[in-house]
Structures are given as structure tokens and as C-alpha cells.
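Chemist: I'd like to go over a predicted model; first the sequence, then the structure.
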Amino acid sequence: MSHPIRRLRRAAATLALVAAALLPALPAQAGPVLRTGAPEPRAATTSTAASTATTTPGSGYWHTNGRLLLDEADRPVRIAGVNWFGFETADHVPHGLWTRDYGSMIDQMRSLGFNTIRLPYSDDIFRGSVPTGVNHSGGMNADLQGLTSLQVMDRIVDRAGAAGLKVILDRHRPDAGGQSALWYTSAVPESTWLADLRAISARYAGNPTVIGIDLHNEPHDPACWGCGDPAADWRLAAERGGEAVLAANPSLLVLVEGVQSFNGSSTWWGGNLQGAATYPVRLSVPNRLVYSPHEYATSVGRQPWFDDPAFPANLPAVWDSYWGYLFRQNIAPVWVGEFGSTLQAAADRTWLTALTQYLRPTAQVGADAFSWTFWSWNPNSGDTGGILKDDWTSVDTVKDGYLTAVKAPGFAAGAGGDTRPPTAPTGLTATGVSATTATLRWTASQDDTGVIAYDVHRGATTVGTVTGTTYTDTGLDPATAYSYTVTARDAAGNVSAHSGATTVTTTGPSNGGGCTASWHTDNQWDAGFTATVTVTNTGSTAATSWTAAWAWPAGVQVAGSWNATVTQSPGAVSATGLSYNSALAPGGSTTFGLQGSGRLGASPPAPSCTVVS
């Protein structure tokens, strides 16, 4: 691109300051001030050490073999986590602690099936920075009182380890003032960057909850890759930074982001790893290098591939070109350290669907896939929002639902982990059947850590995965019987027993011509729309019933309907007539209406129609 894309992803510092102002006055902060070059070593706590001693998946430090990440027992593992930002801001602490306890945040991440936390920080934390905006009322965050930012990080690492999560530390900024194109500034020279990398690596030596260091966030123009200029060549700087990390803790992974531009080809900040094919990062300790691009949607900035007529079919080739080839050619593991969107635009929802499919090329065999951490856990990321909603407690289930298919098998939570499966779904019934579709509904399962998905099985075949309790199966044959069951999965990867089976028989062939259904959008606004669908019997005989069905973008939902029974699952909807308008004479027609939430996009739905004579 001719101009760098400047992302507006700014932490809501004003919100944090307002929240801090509403809190009771904090006690005077005490504790040692930690200086660069004099790290305070942090061995694993008892709970973390006990977890490391087990042989559960994900145990110990991780290393690489080709494109695979392996745990201490050489079992393939995968990073599937979230970014929790705040240490890099003027608050010097992860955000949201003005309203919640940090332990409850980590437990919720774990319950949703995330296994890793990426913690951005700035070098300010090595200068004795003190957190602001932490709520200690009612015993909340009680054990964080009087601690420096680094000491708060210690507590978060310990709590994550006790919950069975891993942590990646991300040197996000030189200081809280803002992102830098290069890994150094006049105020924070390279010597300080290297010394601080050594300090943070040594601090967590012996504690395998911290599995790696992301050396610097989003290098961008004038940063180059392979140009040979020591002041601008990020590949050479990454080698120096990686050696600093490994000198202090040779067990850590070294995570290296890309740049913005290489040989005239530009993408997101940190997202261009094309140069690694010719100029790979070289480290003295083998099997420690992981490459890490960032990838975003239109809510962050406009890229030319979003306007390609082939969108979204063009996206895999774009990703292969910039970073996916490293994984596909078995060069190194690839961890997408940041990706996210508000999902307000239809193009963003299409993009995220394509990206999650791309990230799981070998999902059926588990860990042999791309790793990732979603941006972000925080709702106060201005151009992406987060997994949490603005109350810092409720989950954006639409966003989280997109990630279900690429979440990793759960690690043990604490000692022993969660091994109890959810209860089997009950009450499985068919609520809408046509010649080619069947809509199923069931009662939610119960689980101690929370159900994250339901798998729908047609006979022995898994035909769909949803986060809710309805699903529409499509592409069926007319006048054919099908047997369905449903199973539930929890955040730890436990799977329930099958529900009771239900048999569905699709309706017979259409009546010599069938019917048509046409869509008309009556009104549309930013958050929703109303529409009318007209169903016409085009056959030569009377129809006793009709069904209209259509697909629409993820995130669009039916909010209400009239003159029809409407059922929905993610991306699919069906409607059947009521007692007074199911029957249609030859050439006869009827209408039904609905109100929906979300944006339909440029093309309206195109309903199909079936009738029974």
C-alpha cells in the first residue's frame, strides 16, 4: 500500500481513568522497585510445579519440530487463546480489574475453552510502574494490593498456571505512550529492549506456565526484512532479541512477528513474513522459533483483497503468500498472534468464517494446525471489541461461536483437570421438515465448566456444530427417512453421551411445478430490518403445506415473525405456514413477515420453496 494503515485500536484509557476515579482511594503502593538487569527470579508456584510434573497434554515447556508445536512429552499442542491487554497502557495492569477479580477473568477464559493468554506489556513495567484502576472493594483483587505491575504479572501467571493455561508475554510497546514502528525509540534504545527481554525471561525461568516471548508488536515501515541495515532490519533485530531471551531462559519459545512491507508488497503491521523464505530467523538454540503474523478485517482498515471480485475465495491465497506458506511447507509453526473484528460489517463476518476455516486445515487430527490468540478479551478495543461485552462479564456468543471450530483440546485445570462430560442433550425433536431440510431443536445440556458446542449427527456422520440448541440440516433427499442424535462438548474437551434419536422423514416430491418464494426488504437500519416473503403455488394442484428456506450472513438473527412459524440456526432459516395459510390453491399466494437483527449485506436472501400436494 502507498500509505501505512494506522489502526485505531486504542485501549479505552479514558474509560479506565473514569472507572478509577469512581473507585475508593487506593492505599499507598509499596514493594520493591525492579530495575533493568536485576530481575527478581520467579520459580513456579506449588500449583504450577505440580501441574508441570504431570503428563497431561500441554505439560511443561513447549518446543517445535517443523510446523508442529510439542509439549515436554513430544505431544502435539496448539495455542488457542485470547489477548488480554492493559499492562502496556498507562494503567500498567490488564484492563477490567476495575470491575472484576482477576481470578474470575482467568477462570472464565478457561471455561470458554481458551488455553493461552497473550499478555501485552511495555518496558515501563521494568521501571517500577504501579497499577491504577484496580478495584479492591469487597475483597476483590485483594492479593494485588500494594504490588508493582511486575508483581501483578506474577500473580496472573501463577493463577493462569493453576487453571491449566499457558501465557505468552508480548513486548507490545517501548513505553505506554504508544506503538512504535521499530523495536527501539530515542527514549528506549535497543540496549534497554535487550536488557528487559533478558530480565523478563529470567524472571519466569523454571515456570513453564510462561512458554514464550513475543519480541515486539507489529513492526512496520520503515522496518524492513532482510535489507541488512542494522537500524531497520527487523529480521536481524529479532535474532538479537531471540538470543537475549534464550540466554536467560533457553526453554522459551521465541515468537517473531513480520513487518509491513517486503519487496513492494504490503499488508497489516506485523503481518508480512514473505521475507522469511529467503532470510529466515536464525537462533542458536534449535526448535524454539515460531513465526507470528497479525490479520484483521475491514473494521480495522481497508485492504485491496476485500474489494477483489473473488472475495472471499481469494483469501487463502493471500494468507498463503504472506505467512501461511511457512506452515504448509513445514518450515516452522505459525501463530496468528492477533485477529479480530467488531463483526458489524457483512464482509467482516465473511472474512472471519474464511479465516477460521483456513486455520484448521487438519482439524480432524487435532493439534496439527495454525495456532492463534484472538484480539481481544477486552471489550474496550475501539476497532474490534472483544469476547466480553461492555459489562466485562457477558460473553459475545456470536464472536465466540466463530472460534469454536478452532479451539484446542483442553489442558488439565489445576491438579487432575475437568474430566466430567456434560449431560446428554434431551428432548430432540424436528420442528420443521421440508423435502430437502430438517430443523432440529433440543434442551440444553448441563456441565460444571460450561458447554461450548453441540455436534449434530445424521446417522454416523457429524453434519454440523452449533453453540445454540437448534440446527437446520439441508441438502436432504425428498421422501427419505433420517435418524439424528446430538452430543455436547465442554470447555475441557469432554463429550457427552448421545441424545435419544429422532427420525425425520422429508416430504414427498413437489406438485408438478412446486412453488416460488420471493423476498422484499421493507425497512433496514444499522441494527436490523423488516421484510416480507411472498409464497406462490406454481403447481397445477392444490398444496396442503409449504416451506420456505434461505441462508444469510452469520450474525443475522430473526427477532420476530408473523403469519408463519420461523425456525433458525446460524446462517440458515426456514418458515412454514400456519393453519390459515398453509393450503394454497394452484396459482394462489400468501405472505409472511419478519423482523431481524444485524445487517443483510448487499444481496438480499434468495428463499427456496417446497410444497406438499
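Modeler: In hand now; what should we look at?

Chemist: got the contact list for the residue most central in space within the chain?
Modeler: Ranked by distance to the mean C-alpha position of the chain (C-alpha atoms, centre = their mean), the top residue is Phe374 at 4.0 Å. The contact partners of Phe374, by C-beta atoms under 8 Å, 6 or more residues apart in numbering, come to 81-83, 338-340, 387, 399, 403. (Glycine included, C-beta is placed from N, CA and C.)

Chemist: how close does it get to Ser381?
Modeler: 11 Å (C-beta to C-beta, to the nearest Å).

Chemist: ditto for Arg100
Modeler: For Arg100, the distance to Ser381 equals 17 Å [C-beta to C-beta].

Chemist: with Ile331 instead?
Modeler: Relative to Ser381, Ile331 is positioned 31 Å away (C-beta to C-beta).

Chemist: look at those two and report which has more neighbours.
Modeler: The residue with more neighbours, out of Ile331 and Ser381, is Ser381; 23 against 17, by other C-beta atoms under 10 Å.

Chemist: partner residues bridging Val566?
Modeler: Beta-bridge partners recorded for Val566 (DSSP bridges): Ala575.

Chemist: count of neighbours near it?
Modeler: Count around Val566 with other C-beta under 10 Å applied: 21.

Chemist: same deal with Arg240?
Modeler: Neighbours of Arg240 under the rule other C-beta under 10 Å: 15.

Chemist: check Leu584 too.
Modeler: Counted with other C-beta under 10 Å, Leu584 comes out at 23.

Chemist: now the strands for the stretch 301-450 of the chain?
Modeler: 335-336, 338-340, 371-374, 426-433, 438-443 (DSSP state E, counting those that start in this stretch).

Chemist: show me what the last one is packed up against.
Modeler: Of the remaining helices and strands, those touching strand 438-443 by 3 or more C-beta pairs under 8 Å, 6 or more residues apart in numbering; DSSP states H and E are strand 426-433, strand 470-473, strand 481-490, strand 502-505, strand 565-569.

Chemist: now it against strand 481-490, angle please.
Modeler: Interaxial angle of strand 438-443 relative to strand 481-490 (axes from the mean of the first three to the mean of the last three C-alpha atoms, to 10 degrees): 40 degrees.

Chemist: residues in contact with the helix or strand that strand 438-443 is followed by?
Modeler: Note on strand 438-443: by DSSP states H and E, the next helix or strand toward the C-terminus is strand 451-458. Strand 451-458 has contacts (C-beta under 8 Å, 6+ apart) with 112-113, 400, 404, 407, 422, 425, 440, 442, 444-445, 462-469, 471, 473, 482-491, 495, 498.

Chemist: and for stretch 566-582?
Modeler: Applying C-beta under 8 Å, 6+ apart, the contact partners of stretch 566-582 are 401, 431-432, 434, 437, 439, 441, 464, 466-468, 470-472, 474, 533, 535, 544-554, 557-558, 561, 563-565, 583, 590, 592, 594, 605.

Chemist: mind listing which of those residues are in helices?
Modeler: Residues of the contacts of stretch 566-582 located in helices (DSSP state H): Gly401.

Chemist: got a ChimeraX select line for the buried ones in the contacts of stretch 566-582?
Modeler: A single ChimeraX command is used to select the members of these judged buried by 16 or more other C-beta atoms under 10 Å:
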select :401,432,434,437,439,441,464,466,470,471,472,474,533,535,545,546,547,548,549,550,552,553,554,558,561,563,564,565,583,590,592,594,605
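
Chemist: give the contact list for Ala564.
Modeler: 533, 548, 575-578, 581, 592, 594.

Chemist: Ala501 too?
Modeler: Ala501 touches 428, 483-485, counting by C-beta under 8 Å, 6+ apart.

Chemist: what do you get if the cut-off is 10 Å, keeping everything else the same?
Modeler: Counting by C-beta atoms under 10 Å, 6 or more residues apart in numbering, Ala501 touches 428, 457, 459, 483-486.

Chemist: measure it to Thr429 for me?
Modeler: 11 Å.

Chemist: common neighbours of the two, please.
Modeler: Tyr484.

Chemist: Asn314 is nearest to which of the strands of the stretch 301-450 of the chain?
Modeler: Nearest to Asn314, of all these, is strand 338-340, at 17.3 Å by C-beta to C-beta.

Chemist: tell me how far Ala345 lies from Thr462.
Modeler: Distance of Ala345 to Thr462, given as C-beta to C-beta: 31 Å.

Chemist: which one of the two is surrounded by more residues?
Modeler: Ala345 (18 against 11).

Chemist: that one contacts Ala297, correct?
Modeler: Yes. With contact defined as C-beta atoms under 10 Å, Ala345 reaches Ala297; the gap is 7.5 Å.

Chemist: ok, now which ones touch the closest residue to Gly500 other than its chain neighbours?
Modeler: Nearest residue to Gly500, sequence neighbours excluded (C-beta to C-beta, 6 or more residues apart in numbering): Leu428, at 6.1 Å. Applying C-beta under 10 Å, 6+ apart to Leu428 gives the contacts 440-443, 456, 469, 484-486, 498-502.

Chemist: lowest-confidence one in these?
Modeler: Ranked by pLDDT, the contacts of Leu428 bottom out at Ala501, which scores 85.

Chemist: who touches Asp71 in this structure?
Modeler: Neighbour list for Asp71: 55-63, 77, 166, 208, 211, 367, 411 [criterion: C-beta under 10 Å, 6+ apart].

Chemist: tell me the spacing between Leu476 and Asp368.
Modeler: 33 Å.

Chemist: more neighbours: those two, which one.
Modeler: For Leu476 versus Asp368, neighbours defined as other C-beta under 10 Å are more numerous around Leu476 (20 against 17).

Chemist: show me the contacts for that one.
Modeler: Neighbours of Leu476 in contact, by C-beta under 10 Å, 6+ apart: 433-438, 458, 463, 482, 504-507.

Chemist: of the residues you listed, grab the buried ones for PyMOL.
Modeler: This is the PyMOL syntax for the buried subset of these, where burial follows 16+ other C-beta under 10 Å:
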select buried, resi 433+434+435+436+437+438+458+463+482+504+506+507
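
Chemist: what's the farthest-apart pair in the contacts of Leu476?
Modeler: Using C-beta to C-beta, the two most remote members of the contacts of Leu476 are Val463 and Thr507, lying 19.0 Å apart.
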